[in-house]
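S.K.: Sharing a model that was predicted from the sequence below.
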Amino acid sequence: MSRLNPRPPLLLLLLALLVAGCGKPAAVEAPKIGESVENATFIGLEEGQLELATLGDRVVVVHFWATWCAPCRKEMPSLERLAQKLDPDKFALIGISVDEDRNLVREFKLKYGIQFARFIDIDMSLAKGHFGVTAFPETFIIGRDGKLLRHMMGEHEWDSPAMLQLLNDSYGGVTTKAGAYW
């Protein structure tokens, strides 16, 4: 008579926990180009929050980054320069760190003079559970009508003439062909 091995149920339980993500938010599919982006609440690094829906008639650039991400760190100065160049009545640049430690983000911002990155998503519920972020840095450009215009992954030179043109065209309702810049 064979005896049942008690280990397989334990292994199955461990596998189920790994697949479930151990409490991390489930990733959703990223919004598609041309689809409306659902309202989101951005949590302030220091305090407060901001609703995407309150940004009104602006093009919104939602940028997810982390202090531990080398490409993120490299592109932050160009994002800060972009923030200084954009008209705040036409554009909103929302920088959201996914770091688990607020102090690391504060130190990074202070060391490099970064002002625009004022939001945090410690548990990645916004990044993964709302925007479907899969890598860092990852950026979503949302049009004045609330529809997704661009979904960009990886490092970019954000204050380049081509990027500024793309953003200004977006505000004016002109769609730049995919691949024209990256």
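M.R.: Everything's here; your move.

S.K.: So what sits opposite the spatially most central residue of the chain in the bridge?
M.R.: Against the mean C-alpha coordinate of the chain, by Cα atoms, centre = their mean, the closest residue is Phe64 at 2.7 Å. Taking DSSP bridges as the rule, Phe64 bridges to Ile96, Glu138.

S.K.: Now do the contacts for it.
M.R.: Ile96, Val98, Asp121, Ala127, Phe131, Val133, Phe136, Pro137, Glu138, Thr139 (Cβ atoms under 8 Å, 6 or more residues apart in numbering). C-beta: built from backbone N, CA, C; applies to glycine.

S.K.: ok, now with 7 Å
M.R.: Counting by Cβ atoms under 7 Å, 6 or more residues apart in numbering, Phe64 makes contact with Ile96, Val98, Ala127, Val133, Phe136, Pro137, Glu138.

S.K.: Next: Asp159.
M.R.: By Cβ under 7 Å, 6+ apart, the contact list for Asp159 reads Ser78, Arg81, Leu82, Lys85.

S.K.: Do a quick rundown of the strands in this protein.
M.R.: Secondary structure of the chain (DSSP state E): strands at 41-44, 49-51, 59-65, 91-97, 119-120, 138-142, 148-153.

S.K.: which one of the ones you listed lies closest to Val105?
M.R.: strand 91-97 (4.6 Å; Cβ to Cβ).

S.K.: coming back round to it: can you pull the pLDDT of the residue nearest to the centre of the chain?
M.R.: With respect to pLDDT, Phe64 scores 98.

S.K.: Could you do the one 4 residues further on as well?
M.R.: Turning to Trp68, the model gives it a pLDDT of 97.

S.K.: do you know how far the closest residue to it other than its chain neighbours is from Lys85?
M.R.: Spatial nearest neighbour of Trp68, chain neighbours left out: Asp99 (7.1 Å); criterion: Cβ to Cβ, 6 or more residues apart in numbering. Separation of Asp99 from Lys85 (Cβ to Cβ, to the nearest Å) stands at 26 Å.

S.K.: Please apply the same query to Ala92.
M.R.: Distance, Ala92 to Lys85, using Cβ to Cβ: 14 Å.

S.K.: higher neighbour count, those two?
M.R.: Neighbours per residue (other Cβ atoms under 10 Å) separate Ala92 from Lys85, with Ala92 holding more: 21 against 14.

S.K.: and the more buried one, what is it in contact with?
M.R.: Ala92 sits next to Leu55, Arg58, Val60 when contact means Cβ under 7 Å, 6+ apart.

S.K.: Which one (most neighbours) among those?
M.R.: Val60 (20 neighbours).

S.K.: For it, give me its contacts.
M.R.: Val60 makes contact with Leu52, Ala92, Ile94, Ile142, according to Cβ under 7 Å, 6+ apart.

S.K.: Can you name the residues bridging to it?
M.R.: Beta-bridge pairing for Val60 (DSSP bridges): Ala92, Ile142.
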